[in-house]
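Enquirer: coordinates for the following, if possible.
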Amino acid sequence: MKRKVFQKIFASIILSCGLVSAFAQGGPSELDSGRIAHVVALPQSKVFLDKFPLSSPQERQKIDYHNLVEVDYRSSKEIHLFSRDYIHKELLLGTWKRKGKSTSMMGYFGENTYEAIYSDSRSNSKLYEQYIYYSLRNDSLTFYTDSLKEHVKWNFKLMSVNNRHLVVKTTQSGVLTFDRVSDNTSPLQTRKHTFHLQAGKLICGFTQYASAQQGSCLRLSEDLFVGMTKEELTKELWFAKFHKVSDTKWTFHDGRSTIALHFKDDHLRNIKWYGFGDSGRFDFAGISVGDMITYLEQRLGKPTFVKRAKEKGDATEWWYYEPFHFRIQIQAEKVHVIELGDF
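Expert: Numbering: from 1, shown residues only. Now for the predicted structure:
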């Protein structure tokens, strides 16, 4: 008897609410919040919110019914609820492109990060790369410079998103439209010359002989790497305003950070990137100055050994990853310096 009553209640919900998606219609939720709340409160029901099970009454009491846009009843007494944020996120994930008058972009939304390559629209030559963090809440698409999402870089208003178009509104550029790309792969993950973890081991590149080719991975993005000549450097980094301290040392600023370049025989032998905020043009294996050590460990793993930087106090450490020729300085649990090459 109880089972039949339970099924009738569920059937009533489906008849009155259907699988209405308010997001698809662009308006407020049309779901019957009262009826759904009644079924959610039943002890027999198995409730899932955005694919996560809600077992306790306390968890179910926290459901924001006004933010629900889709409900799915399944015959095994399961009721699956989906929030507006979840639907937005599912549609946002993947690759998008946009071509403007001067700049074109190929960008990829992962679970927590946005990765993109920007190019000149006329010549199709690459301008710079970007690796940044983002969050999505209702119609607010926010980008951050740090993995803890404390420092806001941009804030966009999400106008609409579906399988073909992403439309956002910005205070500087107005309304921007992006087109969906069928190839859902990160443009930065296709790079051959980068350090990454494979089965818990740090390697350079994607071949069986990768670890022996570490020199090719000592780079900040594709355009700045150890071993390049001064001529190559000025050609690739044409936008940089170099301060030539001496014939063997150049520096330039990138956001709230500085990149120092050391040469020997007109070849770049050492790159030292320091600061706590960058423009998004550069990264080392997905790591930027200002990142938290938790994110650093996710990308590169634990260091081989650690040395205290006594001149900077006990809170400062150098992390080494032997046998590779790079080290990373940590200050206040954040990446402060990334040094590549001879040191």
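
Enquirer: got any ranges where the stretch 1-150 of the chain has weak pLDDT?
Expert: Scanning the stretch 1-150 of the chain for pLDDT under 70 picks out the ranges 1-30, 75-76.

Enquirer: show me where it has helices.
Expert: For the stretch 1-150 of the chain, helices defined by DSSP state H, counting those that start in this stretch occupy the ranges 2-17, 22-25, 33-40, 57-61, 84-92.

Enquirer: so which residue is smack in the middle of this protein?
Expert: For the chain, the residue sitting closest to the mean C-alpha position, by Cα atoms, centre = their mean, is Thr113 at 0.8 Å.

Enquirer: so it sits right up against Phe143, yeah?
Expert: No - contact criterion Cβ atoms under 8 Å: Thr113 and Phe143 do not qualify, at 9.9 Å. Heads up, the C-betas are built off the backbone N, CA and C, glycines and all.

Enquirer: shared neighbours of these two, anything?
Expert: Ile132, Tyr133, Tyr134 (Cβ atoms under 8 Å, 6 or more residues apart in numbering).

Enquirer: ok, the first one touching Gly110?
Expert: Think Ile132. No - contact between Ile132 and Gly110 fails when scored by Cβ under 8 Å: they sit 10.9 Å apart.

Enquirer: which of the two has more neighbours?
Expert: Ile132 (19 against 14; other Cβ atoms under 10 Å).

Enquirer: show me the contacts for that one.
Expert: By Cβ under 8 Å, 6+ apart, the contact list for Ile132 reads Thr113, Tyr114, Glu115, Phe143, Tyr144, Thr145, Lys153, Gly280.

Enquirer: how far away is it from His80?
Expert: Distance, Ile132 to His80, by Cβ to Cβ, to the nearest Å: 32 Å.

Enquirer: just Val306 next, same as before
Expert: For Val306, the distance to His80 - Cβ to Cβ - is 46 Å.

Enquirer: neighbour count for these two, which is higher?
Expert: Neighbours were counted for Val306 and for His80 using other Cβ under 10 Å; His80 has more, 15 against 12.

Enquirer: paired strands for the longest strand anywhere in the chain, with orientation please.
Expert: Assignment by DSSP state E gives strand 126-137 as the longest strand of the chain. Sheet pairing of strand 126-137 (DSSP bridges) gives strand 113-120 (antiparallel), strand 140-144 (antiparallel).

Enquirer: contacts for the shortest one?
Expert: Strand 140-144 is contacted from outside by 92, 114, 132-136, 149-158, 168, using Cβ under 8 Å, 6+ apart.

Enquirer: try it again at 7 Å.
Expert: For strand 140-144, contacts defined as Cβ atoms under 7 Å, 6 or more residues apart in numbering pick out 114, 132-135, 151-158, 168.

Enquirer: in that strand, what counts as buried?
Expert: Using 16 or more other Cβ atoms under 10 Å as the burial criterion, the residues of strand 140-144 that qualify are Leu141, Phe143, Tyr144.

Enquirer: before we move on, what about stretch 148-155?
Expert: The neighbour-count check on stretch 148-155 (16+ other Cβ under 10 Å) flags Lys153, Trp154 as buried.

Enquirer: from one end of that stretch to the other, what's the distance?
Expert: 16 Å (Cα to Cα, to the nearest Å).

Enquirer: what about the strands in the stretch 201-343 of the chain?
Expert: Taking DSSP state E, counting those that start in this stretch, the strands of the stretch 201-343 of the chain run over residues 201-204, 243-246, 249-254, 257-264, 267-275, 305-308, 316-320, 326-331, 334-341.

Enquirer: which among the ones you listed is found nearest to Arg180?
Expert: strand 249-254 (31.1 Å; Cβ to Cβ).

Enquirer: which helices and strands sit right next to the closest one?
Expert: The contact analysis (3 or more Cβ pairs under 7 Å, 6 or more residues apart in numbering; DSSP states H and E) places strand 249-254 against strand 243-246, strand 257-264.

Enquirer: compute the inter-axis angle for the last one and strand 267-275.
Expert: The one in question is strand 257-264. Inter-element angle recorded for strand 257-264 and strand 267-275: 160 degrees (by axes from the mean of the first three to the mean of the last three Cα atoms, to 10 degrees).

Enquirer: so how far is Tyr274 from Asp254?
Expert: Distance, Asp254 to Tyr274, using Cβ to Cβ: 10 Å.

Enquirer: sorry, that was for Glu339
Expert: From Glu339 over to Tyr274 the distance is 8 Å, taken as Cβ to Cβ.
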